Each structure stands twice: as structure tokens, then as C-alpha cells.
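Engineer: Take this sequence and fold it.
(one chain, ligands or ions: 1)
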Amino acid sequence: MPSPIIAHGLEGVIAGSTRLSRVDGLAGELIIAGYPLEEIAANASFEETTFLLWNDRLPDAAELADFQQRLASLRALPEATVALLRAVAAEKTPPMDALRMAAATLSLGSVEGDANEATALVARFPTVVAAYWRLLHGAEPVTPDPALGHAANYLYMLNGEGPTAAQARGVETYLNTVIDHSFNASTFTARVITATASDLVSAITGAVGALKGPLHGGAPGPALDMVFEIGQADRAEAYLRAKLERGERLMGFGHRVYKVRDPRADVLSAAAEKMYLAGGDMQLYELARSVEEKAVALLAEYKPGRKLQTNVEFYTALLLHGLGLKTALFTPTFAVGRVAGWTAHCLEQRAEGRLIRPGSDYHGGLGRQWTAISERG
Ligand code: COA
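Structural biologist: Numbers count the residues shown, from 1 in each chain. Purely as a prediction, here's the structure:
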């Protein structure tokens, strides 16, 4: 019998089809429901992009107003969720773990059925993250403001004061940029869970767990730490070289699919540049640009042929830092955007209705015989 071809890490495997997003790793192109990312990221509101994913078209004015109102009406958290967050904050649990625990409670409050669960999850993720962040720092959660859009309200709930228009646009562009990305690890996790005919809250809770890992959504914090540690452009080469000599990975670089610069890095770098310009201090932005340039050159030298380029996380870090977010909030904020994509994939998977169950190549022993415990040496 010919040996099966094993795709370790499922690399190169087309595991299903989707109308939600297309990633072209060689062209460096990301399509979100038919639109090149660059068309929508800096123009659409997060509500519009979410509606687009769920309905495969942009809303008209009345539909958008209705959708905004529906999302805003579901922002408040069930009491049990807030009680959980208080208890978890007392233990100083990291925010992604708190989000995972809280996500599992979001079916509370008479939320039933896929559509309602999807809306509640998208509406409540920012409230969970902001409330937890404040509790963790000894402050009380801020009640959501229904007059503010989804993105602006997130910053409001974090800081207790309304963001400037530039800050609101910055976070909105970020959330749109990370909203969906085909069958990435967390999205695939959500689809696998949905495909068992389980519920959306279970699927999204699993997805949060997958996103938490540093090889997926956990990279922007370390990427920014690296820029800070480098501190000035002329130290970049020695620092990065030492890291690569030790066999360490440079966070914010490399991607399973993109073999050219991640198009999301371009969108976020432009958004970050705008924001730092508005703030009048370009020093960190310029340092990051030179670290990026050096890192890409050194990766080509140390890993020739691997085509390791800048990924989304590098400029995520810069943009979110510019918005005043601490590094521990980077991955939870990624989840605030990606939850809309996750739910869209769950709905699509539900319609497809086929269990996801790959085969595996067994390489364990064979023909072993039972030994009683008294005879095991
Ligand atoms: N820094 C240094 N080396 C890297 C690297 C990085 N960021 N990314 C990959 N490599 C190296 C690997 O060590 C490996 O080298 P080897 O063949 O000599 O062993 C080679 O490049 C291929 O890596 P591999 O792990 O097979 O690639 P992958 O497709 O599985 O990895 C990532 C994709 C994203 C997991 C990987 O690039 C990575 O760890 N990047 C850093 C974390 C990050 O930024 N994650 C966010 C992704 S959006």
C-alpha cells in the first residue's frame, strides 16, 4: 500500500471553501467578502464590515442604523459574567485567560440561536475586555455608551473618556483589518467545533484559546517589547543578529501563508503613521521602520529561501501602542475584531453541515499484549 501523504500542520491542504475572505500569500493580497482589504479597512465602520461578512453585502443606511442599535443593545454583560471577571481579576489572571473564561458565559441572558449568539458575542467581547482591564487595575467597569459606535465605545469603556476622532478611526481600522483571515488556526478551531453541531459560544470559546498562543495572536506584545529593547536604530542589527544566533524567532515576522509582506502590515503601518503624525512624535514609528528593514534583511541572511517577511503583528503593536493600549491588551483587542470573522465562519460552517474529521497516520507500536500490573517491571 503506498504511504499516505501527511501534511504536517495541514500546510498546503485546502480544508473547505469560504466566501468570507481570500488570502493570496504570493501576491500579498487579502480579500474580505469581495473587497480588497485596502478598500474597506480605513473607510468602513466595524459594524459595516461585520454586516458585510454576515450578509455578503454592505448595509443600506436603515439596515446599518438598525444593526448598530441591535449591537449596542446587547453590549451589557450578564451579571454572572461580571462576577466572574471580578473573581478572576483578584487572581491577576492574564486578560486572554479572563476573556476565554468570560466568553464561555456569554450564552447567558436569554441569548439563543445562532444569529442572537453571534450578535451577542460581537457586542459583548469589547465589554468583557474593557471591564476586565479596569477591574484588573482596581477600577470599576464603565457602562457602555449606546451613542458611540462599536470601536469608539471600546476605547471609551477602557479609558472612561471618549476617544478623539483620530483614535476612534485608528481602532476601527485595526478591527476591520483583523476581522477575518480565511482558515487561520482560531477560525478553523471555531469551524471544527461548529461542525460537530455544537453551539456558537462553545466554538468562540475554543477560538479564543487558539488565538492566545504566541504563534498565532500572541506575537504583537513581544514584537513591541523587541522594538523598545532595541531603543535606537543603530542597535537594531546587533540585537537582532544575537537573537537569530541564539535560534530565537523574531516576533512579527514570518507567516504560514504570506511569502511577501502581509498586506495587513501595509494598512496598519499607514494607520499608525497617520496617528503618530497627528500626535506629533514620529520617533517610535521611525525606529520601528528601521527595525523592520533590518529584521527582514537578517531573516533573508539567516533563513535563506524561507521568505520571512513582516506580518500583521508588527504594526498592530505600533498602532495599538499609539492608541494608548498596553501590550497585555493587544491580543484581547485582536479578539474583539476577529470575533466577527469567527462568528461569520460558524454561520457558514453551520450551513455546510459537514463534520470535520481528518485522518491520521499511526506511528505507535503494534501487537502489544496485556500485562497484569503485578507483572509490570
Ligand atoms: N524568526 C526567525 N525564524 C523564523 C521565523 C521568525 N519569525 N519564522 C519562521 N522562522 C524559521 C523557522 O525557524 C524555520 O527555520 P528552519 O527551517 O531553519 O527550522 C523556518 O523559518 C520555517 O519556519 P516554520 O516554523 O516552518 O514556519 P511556519 O509556517 O510554521 O511558521 C509562524 C509561521 C508565524 C508560526 C512563524 O513564522 C513564527 O513563529 N513567527 C513569529 C511569531 C509571529 O509573528 N506570529 C504571528 C503570525 S501572524
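Engineer: Contact partners for Asn159?
Structural biologist: The contact partners of Asn159, taken as CB atoms under 8 Å, 6 or more residues apart in numbering, are Gly324. For every residue, glycine as well, the C-beta is placed using N, CA and C.
Engineer: All further residue positions should be reported with the first residue as 54.
Structural biologist: Will do, 54 is the new start, and the previous item becomes Asn212.
Engineer: So for it, what pLDDT did the model give?
Structural biologist: At Asn212 the predicted local confidence, pLDDT, stands at 96.
Engineer: repeat for Val313
Structural biologist: The model reports Val313 with a pLDDT of 88.
Engineer: pLDDT below threshold where in the stretch 204-353 of the chain?
Structural biologist: By pLDDT under 70, the weakly predicted segments of the stretch 204-353 of the chain are 272.
Engineer: Now for the residue in it positioned nearest to the ligand, how many residues are close by?
Structural biologist: Closest approach of the stretch 204-353 of the chain to the ligand (CB to the nearest ligand atom) occurs at Gly307, with a separation of 2.2 Å. By other CB atoms under 10 Å, the residues close to Gly307 number 20.
Engineer: Which stretches in the stretch 254-403 of the chain count as helices?
Structural biologist: Using DSSP state H, counting those that start in this stretch, the helices of the stretch 254-403 of the chain run over residues 273-283, 289-298, 316-332, 336-355, 365-375, 383-405.
Engineer: and among the ones you listed, the most buried is which?
Structural biologist: The highest average neighbour count among these, using mean count of other CB atoms under 10 Å, belongs to helix 365-375 at a mean of 27.
Engineer: which other residues reach it?
Structural biologist: Judged by CB under 8 Å, 6+ apart, the contacts made with helix 365-375 from elsewhere in the structure are 223, 226-227, 230-231, 270, 272-274, 276-277, 280, 304-306, 315, 317-318, 321-322, 324-325, 328-329, 332, 337-338, 341, 345, 380, 382-383, 386-387.
Engineer: Recalculate using a threshold of 7 Å.
Structural biologist: 223, 227, 231, 272-273, 276-277, 304-305, 315, 317-318, 321-322, 324-325, 328-329, 332, 337-338, 341, 345, 383, 386 (CB atoms under 7 Å, 6 or more residues apart in numbering).
Engineer: picking that back up, just put the helices of the stretch 254-403 of the chain in CSV and tack on distance to the ligand.
Structural biologist: Formatted as CSV, the helices of the stretch 254-403 of the chain follow (distance: least, CB to the nearest ligand atom, whole Å):
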stretch, distance to the ligand
helix 273-283, 7
helix 289-298, 6
helix 316-332, 9
helix 336-355, 6
helix 365-375, 5
helix 383-405, 10
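Engineer: Could you work out which of the ones you listed reaches nearest to Ser413?
Structural biologist: Relative to Ser413, the nearest member of the helices of the stretch 254-403 of the chain by CB to CB is helix 383-405, separated by 21.5 Å.
Engineer: That closest one packs against which elements?
Structural biologist: Under the contact definition 3 or more CB pairs under 7 Å, 6 or more residues apart in numbering; DSSP states H and E, helix 383-405 sits against helix 99-108, helix 148-156, helix 167-189, helix 218-230, helix 238-248, helix 253-265, helix 365-375.
Engineer: List the contacts of the residue of the stretch 204-353 of the chain closest to the ligand.
Structural biologist: Applying CB under 7 Å, 6+ apart as the definition, the contact partners of Gly307 turn out to be 361, 364.
Engineer: for Leu293, same thing?
Structural biologist: The contact partners of Leu293, by CB under 7 Å, 6+ apart, come to 303, 347-348, 351.
Engineer: change it to 6 Å
Structural biologist: Residues in contact with Leu293 (CB atoms under 6 Å, 6 or more residues apart in numbering) are 347-348, 351.
Engineer: what does this protein put close to the ligand?
Structural biologist: Residues of the chain lying close to the ligand by CB under 6 Å from any ligand atom are 62, 268, 272, 302-309, 352, 356, 359, 361, 364-366.
Engineer: ok, of these, which come out buried?
Structural biologist: Applying a neighbour-count criterion of 16 or more other CB atoms under 10 Å, the buried members of the residues of the chain next to the ligand are 272, 302-309, 352, 361, 364-366.
Engineer: and which of those is nearest to Thr249?
Structural biologist: Within the set of those, Arg309 lies nearest Thr249; the separation is 24.8 Å, counting by CB to CB.
Engineer: For that closest one, which non-adjacent residue is closest in space?
Structural biologist: Using CB to CB, 6 or more residues apart in numbering and skipping the chain neighbours, the partner closest in space to Arg309 is Glu64 (6.7 Å).
Engineer: what number of residues lie near the one you found?
Structural biologist: The burial count assigned to Glu64 is 8, neighbours taken as other CB under 10 Å.
Engineer: what does the model give Val365 for pLDDT?
Structural biologist: pLDDT, Val365: 88.
Engineer: brain fart, Ser163
Structural biologist: Among the per-residue scores, Ser163 holds a pLDDT of 68.
Engineer: can you check the one 4 residues further on too?
Structural biologist: On pLDDT, Asp167 comes in at 92.
Engineer: gap between Pro194 and Val389?
Structural biologist: Going from Pro194 to Val389 by CB to CB, to the nearest Å gives 15 Å.
Engineer: Please apply the same query to Asp278.
Structural biologist: 21 Å.
Engineer: now do His374
Structural biologist: Looking at His374 against Val389, where the rule is CB to CB, the gap reads 16 Å.
Engineer: Repeat that for Thr380.
Structural biologist: Thr380 sits 15 Å away from Val389 when distances are taken as CB to CB.
Engineer: Show the model's pLDDT score for the closest residue to Trp107 other than its chain neighbours.
Structural biologist: Distances taken as CB to CB, 6+ apart place Ala397 nearest to Trp107, at 5.6 Å, with adjacent residues excluded. On pLDDT, Ala397 comes in at 98.
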